[in-house]
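In: Predicted model, plus sequence, below.
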Amino acid sequence: QVHLVESGGGLVQAGGSLRLSCVISGNTDRIYAVGWFRQAPGKEREFVSSITWTGNYPYYDDSVKGRFTISKDNAENTVYLQMTSLKSEDTALYYCTKRDRGASDFDLWGQGTQVTVSS
């Protein structure tokens, strides 16, 4: 059983920064990658960023490229999403998720952490 717990969300002014954390616990042996998705009110959940379990090959949606940085603390099994130059359109509930080796998609989600950017 794997558990994902996000934290770090909050209210920030446009142009500000936040760092989200995702602590992953349990049986992590099969995890291939960890990702961040977000869902704004009235919209579908969308991909933000991902990184392999070994902390390599960060990948970003074009909407956040150059502003967000994903990283992993391998000792703490924690994935971070450093968000800078935040915009009002970044306002959403941010979810952490994982994908197992051999799986085609992300398949387990945390409870989410709310990010609100005021303009």
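Out: Structure's in. What do you need? Numbers count the residues shown, from 1 in each chain.

In: From now on I want contacts and neighbour counts done on CA atoms only, so please keep to that.
Out: Noted.

In: Name the nearest residue to residue 61, ignoring sequence neighbours.
Out: Among residues not flanking residue 61 along the chain, residue 48 sits closest, at 5.3 Å (Cα to Cα, 6 or more residues apart in numbering).

In: Could you do residue 39 as well?
Out: Using Cα to Cα, 6+ apart, the nearest residue to residue 39 is residue 45, at 4.3 Å.

In: Look at that neighbour and say how many residues are nearby.
Out: By other Cα atoms under 10 Å, the residues close to residue 45 number 15.

In: got a list of what it touches?
Out: 37-39 (Cα atoms under 8 Å, 6 or more residues apart in numbering).

In: residues in contact with the residue nearest to residue 61?
Out: By Cα under 8 Å, 6+ apart, the contact set of residue 48 is 35-38, 60-61, 64.

In: just checking, which of those residues belong to strands?
Out: Those of the contacts of residue 48 mapping onto strands are 35-38, 60, per DSSP state E.

In: for the protein, which spans come out with low pLDDT?
Out: Residue ranges of the chain with pLDDT under 70: none are present.
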